[in-house]
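> The following block contains a protein sequence and its predicted model.
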Amino acid sequence: MTDSHDNRHPPSADSIAGAVKAARREGPAPVHLWNPPFCGDLDMRIARDGTWYYLGTPIGRPELVRLFSSILKKEGERYFLVTPVEKVGITVDDAPFVAVDFEGRGKGRDQVLEFVTNVGDRAVAGPDHPIRVERDPETGEPAPYVLIRAELEALIDRKSFYRLVDLGEHHDGWFGLWSSGRFFPIIPSEELEQA
């Protein structure tokens, strides 16, 4: 749906991609500086497993997914693709990215965890990129996340989470992870001992 003052059709994925390619320079797009008018919602969805869909069909070109991911912005609880001249809403089932791997260096308080996402972003967990764990209220199953950039999180995939648990330690009544001098709690120690 478009604004009443705009008689154009909503942008398509191709027009958004073209605008981004024209505006891009080296490095991430400065979406925090762009505040164009809202042009409507695009039939684009990011599934919980990180797959991007356009018009119900998976986007099979990784370079196109990376391009779209570079112009993703979160405002409140909504997600948008933003170019210098237009902003379109998209649907995100859970988190917009998936952390598919990580590298760990050091041990204990000196440990540093660097995550890589399904779209090639990297983030070192720490004060600027915290790890948080949500638990399903019915099943208790954990859903771990790491902040990648500007309110955009990655769901940490299951295999990486199991590897992270192997690096965990107990601290102040919690079992969790150290990275960049900060402790990130996962589960109360007493619950872990009862399991």
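Alright, I've got the coordinates. Numbers count the residues shown, from 1 in each chain.
> Val85 reaches Pro36, doesn't it?
Yes - with contacts counted by CB atoms under 8 Å, Val85 reaches Pro36, the gap being 5.2 Å. Backbone N, C-alpha and C define where each C-beta goes, glycine included.
> those helices in the protein, which residues are they?
13-23, 62-69, 158-166, 189-194 (DSSP state H).
> Can you add mean pLDDT, mean neighbour count and distance to Arg45 and give the ones you listed back as JSON lines?
Listed next are the helices of the chain as JSON lines, based on pLDDT from 0 to 100; neighbours: other CB atoms under 10 Å; distance: least, CB to CB, whole Å:
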{"stretch": "helix 13-23", "mean pLDDT": "64", "mean neighbour count": "16", "distance to Arg45": "12"}
{"stretch": "helix 62-69", "mean pLDDT": "94", "mean neighbour count": "17", "distance to Arg45": "12"}
{"stretch": "helix 158-166", "mean pLDDT": "95", "mean neighbour count": "14", "distance to Arg45": "21"}
{"stretch": "helix 189-194", "mean pLDDT": "82", "mean neighbour count": "12", "distance to Arg45": "35"}
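> looking at those, which is closest to Arg132?
helix 158-166 (12.5 Å; CB to CB).
> which helices and strands does that closest one pack with?
strand 97-105, strand 142-149 (3 or more CB pairs under 8 Å, 6 or more residues apart in numbering; DSSP states H and E).
> quick one: contacts of the last one?
Counting by CB atoms under 8 Å, 6 or more residues apart in numbering, strand 142-149 makes contact with 28, 94-95, 97, 99, 115, 117, 121, 123, 125, 128-136, 153-156, 161, 164, 186-187, all of which sit outside it.
> what does stretch 121-128 give?
69, 97, 112-117, 129, 131, 146-149, 154, 177, 179-182, 184.
> Swap in 6 Å and give it another go.
For stretch 121-128, the external contacting residues (CB atoms under 6 Å, 6 or more residues apart in numbering) are Leu113, Glu114, Phe115, Val116, His129, Ile131, Val146, Ile148, Ser179, Ser180, Arg182.
> First residue to last residue on that stretch, what's the distance there?
15 Å (CA to CA, to the nearest Å).
> and what of stretch 129-140?
24 Å.
> Mind checking the pLDDT average for it?
Averaged across stretch 129-140, the pLDDT comes to 93.
> circling back to that earlier point, out of the helices of the chain, which is closest to Gly106?
It is, among the helices of the chain and with distance given as CB to CB, helix 158-166, at 14.2 Å.
> State the number of residues packed around Glu138.
6 (other CB atoms under 10 Å).
> How about Gly40?
16.
> How about Glu77?
6.
> again with Trp52
Quick note: Trp52 (other CB under 10 Å) scores 25 neighbours.
> ok, now which ones touch it?
Ile46, Ile59, Val65.
> so the first one sits right up against Pro96, yeah?
It refers to Ile46. Yes - Ile46 is within contact range of Pro96, at 5.3 Å (criterion: CB atoms under 6 Å).
> Can you lay out the helices and strands packed on helix 158-166 as JSON lines showing distance to Gly76?
Compiled in JSON lines, these are given as follows (distance: least, CB to CB, whole Å):
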{"stretch": "strand 97-105", "distance to Gly76": "19"}
{"stretch": "strand 142-149", "distance to Gly76": "16"}
